[in-house]
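**Q** with the input below, show me the fold.
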Amino acid sequence: MRYANKKYAIWGFGLSEDQADTLRGYTGSMYRLRLWDEDFPEFTHMDLEPPCLICFGLDRCRAFAALSRMETAHLEMVPKALFLHEGYSSADVEEALDLGCGAILRPPFTPERLEPVLRKATETAALHKDILNMTREIGLERELLENKNETLDFLVNFLTSTTEQLDEKEVLRTAFVSLGKLFPVQSLNAVLTHENDEGSIDAELY
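**A** As a prediction, this is how the structure comes out:
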């Protein structure tokens with residue numbers, strides 16, 4: 001699979017020792033696991049690697065949902081999993097869904113229950129990366145096209161303005177003004193030649 005050789009970050013908040021140990025044991029070398037017991041980190045800090053999955057205990061999930069959107073907007077598309085405690089109720093499950101958890105893990109926490117959650121998270125992360133790369137490429141192509149259009153517009157306007165004039169000096173003055181919009185032109189010189197009645201070439205220097 002395309003994500004097989006890549007490490008992905010997983011964040012965990014408010015997990016019990018049993019839940020954290022199960023997660024550590026299964027993630028192995030394919031994932032980098034970071035756990036926080038209480039306070040949330042500064043999510044916009046540059047040192048934090050974006051996660052492919054965020055795992056919560058119920059209390060921390062509630063606290064995360066209460067944070068301002070300014071703090072967590074960039075994490076909205078990251079899959080979220082809730083690790084339920086022993087003795088959970090159906091109300092806990094409903095609340096987890098309302099809080100935006102796409103996966104709900106019930107005890108006992110076994111590799112068989114974790115595996116599909118992690119697989120889906122890595123597939124989503126890989127797809128998200130592909131979309132970002134595609135968006136970036138489209139943006140670059142659009143920028144190149146806009147530059148080409150601007151150049152074409154300039155050439156059309158330049159040729160139109162210069163060919164409207166019959167006087168050579170006026171043509172050169174118009175060319176000087178037009179070229180000065182693109183380049184730091186300080187002077188514009190030209191040599192105009194034409195064949196005279198005697199068959200020789202006359203030249204005028206401007």
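**Q** so what's Leu166 scoring on pLDDT?
**A** On pLDDT, Leu166 comes in at 61.
**Q** quick one: distance of the longest helix along the chain to the chain centre.
**A** Ranked by residue count and defined by DSSP state H, the top helix of the chain is helix 111-163. Helix 111-163 has its C-alpha centroid displaced from the chain centroid by 9 Å (Cα atoms, centre = their mean, to the nearest Å).
**Q** over to stretch 53-72?
**A** With Cα atoms, centre = their mean, you get 23 Å for stretch 53-72.
**Q** please save the CA atoms from that stretch in CSV.
**A** What follows is stretch 53-72, C-alpha atoms only, in CSV (Å, rounded to 0.1, in the frame of the first residue of the first chain):
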residue,chain,number,x,y,z
LEU,A,53,-5.5,10.1,14.2
ILE,A,54,-6.5,11.7,17.6
CYS,A,55,-7.5,9.4,20.4
PHE,A,56,-9.5,10.6,23.4
GLY,A,57,-10.8,9.6,26.7
LEU,A,58,-14.4,10.9,27.1
ASP,A,59,-13.5,13.8,29.4
ARG,A,60,-10.7,15.0,27.2
CYS,A,61,-12.9,14.7,24.2
ARG,A,62,-15.5,17.0,25.8
ALA,A,63,-12.7,19.5,26.6
PHE,A,64,-11.4,19.4,23.1
ALA,A,65,-14.8,20.1,21.7
ALA,A,66,-15.1,23.1,23.9
LEU,A,67,-11.9,24.7,22.5
SER,A,68,-12.2,27.7,20.2
ARG,A,69,-12.4,26.9,16.5
MET,A,70,-9.4,29.2,16.0
GLU,A,71,-7.3,26.7,17.9
THR,A,72,-8.6,23.5,16.3
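**Q** what separation do you get for Ile138 and His85?
**A** In this view, Ile138 and His85 are 45 Å apart by Cβ to Cβ, to the nearest Å. For glycine as for every other residue, the C-beta is placed from the backbone atoms N, C-alpha and C.
**Q** what about the two, which has more around it?
**A** In this view Ile138 and His85 are compared by other Cβ atoms under 10 Å, and His85 has more residues nearby, 15 against 10.
**Q** hmm, that one is touching Pro107, no?
**A** Yes. With contact defined as Cβ atoms under 8 Å, His85 counts as touching Pro107 (7.3 Å).
**Q** so where's this protein uncertain?
**A** For the chain, the stretches with pLDDT under 70 are 1-6, 28, 46, 128, 132, 156, 158-168, 206.
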